[in-house]
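[1] Got a predicted model here, sequence first, then my questions.
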Amino acid sequence: MKIIFLIGPHAVGKMTVGQALEKLTGFPLFHNHTTIELVHPFVSYGTPAGRKLVNQVRELFFKAFAESDGAGYILTFVWAFSEPGEREYIESVTRLFEEAGAELCWVELEAGIETRLERNRTENRLLHKPSKRDLAFSERNVAASHEKYRLNSLPGEMPEENYLRIDNTDLSAEEVAQMIFDRFVAPAPSPDKSPPQSTV
């Protein structure tokens, strides 16, 4: 099993890239708003109770994925590197998959705040994330999180072997997905076992 983690700031394009990657790989996409949108109509994700419930539901899904015979899954996270406890949470998730023998691949996306504010308004984002449809609120959230948290890693902060960082400011989701596919999913070319041809 291969687990591809897509990490990066809010509205950087994780879900959209994940959708394109899902088409290339056949791996189901479980983006971080899957559980948020499930819980939000009943318990606001902005409350401690809402965040706790979202994490509990995610954990159930992650355990089910780890115990499945699926070929792979695509998961997305917003990782606040500056916040205590964030790495510990991520490590608890990765440990679950590692113990199941999964191969973990990390893709970090980055783009400037102006690009992300534009992407916050895209039709695809608003279609799949109803909680973002109050644009005044969601734009304030994107801007505030940019100011408050460090949402991309520093050099050397991601020591994982299977790691790829992509500035997707000027790249389409399909282009980024192809880069990820080529790096982590595409089979290595088999060695040519035919005898060398004579040059005589």
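    It's in.

[2] got the buried residues for the lengthiest helix in the chain?
    Identified as the longest helix of the chain according to DSSP state H is helix 48-67. Neighbour-count burial for helix 48-67 flags 50, 53-54, 58, 62, 65-66 (criterion: 16 or more other C-beta atoms under 10 Å). Yep, even glycine has a C-beta here, placed from its N, CA and C like the rest.

[3] ok, these vs Ala136, which is closest?
    Gly50 (20.6 Å; C-beta to C-beta).

[4] and the gap between that closest one and Lys23?
    As judged by C-beta to C-beta, to the nearest Å, Gly50 and Lys23 stand 32 Å apart.

[5] now Pro187
    With C-beta to C-beta as the criterion, Pro187 and Lys23 are 18 Å apart.

[6] mind listing the helices for this structure?
    Assigned by DSSP H, the chain shows helices spanning 14-25, 33-39, 48-67, 86-99, 113-119, 123-128, 135-148, 173-180.

[7] Of those, flag the one that's most buried.
    Across the helices of the chain, averaging neighbours per residue (mean count of other C-beta atoms under 10 Å) puts helix 14-25 on top, at a mean of 22.

[8] Can you check what angle separates that helix from helix 173-180?
    Per axes from the mean of the first three to the mean of the last three C-alpha atoms, to 10 degrees, the angle that helix 14-25 makes with helix 173-180 is 60 degrees.

[9] contacting residues around the lengthiest strand in the chain?
    In the chain, assigned by DSSP state E, the strand with the most residues is strand 103-110. By C-beta atoms under 8 Å, 6 or more residues apart in numbering, the surrounding residues in contact with strand 103-110 are 1-9, 12-14, 17, 94, 97-98, 152-153, 158, 160, 162-169, 176, 180, 183-184.

[10] Throw together a PyMOL command that grabs the buried residues out of the residues you listed.
    Those of the contacts of strand 103-110 that count as buried under 16+ other C-beta under 10 Å are selected in PyMOL with:
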select buried, resi 1+2+3+4+5+6+7+8+9+12+13+14+17+94+97+152+153+158+163+164+166+168+176+180+184
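
[11] In strands, which of the contacts of strand 103-110 appear?
    Secondary structure from DSSP E places 2-7, 163-167 of these in strands.

[12] Pick out whichever of these sits closest to Gly112.
    Set against Gly112, the nearest of these by C-beta to C-beta is Asp167 (9.1 Å).

[13] Name whatever forms a beta bridge with that closest one.
    Glu110 (DSSP bridges).

[14] contacting residues around it?
    Contacts for Asp167 (C-beta under 8 Å, 6+ apart) come out as 109-111.

[15] Most neighbours among those, please name it.
    Using other C-beta atoms under 10 Å as the neighbour criterion, Leu109 leads these with 23 neighbours.

[16] Name the nearest residue to that one, ignoring sequence neighbours.
    Leaving aside its sequence neighbours, Leu109 sits nearest to Gly8 (C-beta to C-beta, 6 or more residues apart in numbering; 3.6 Å).
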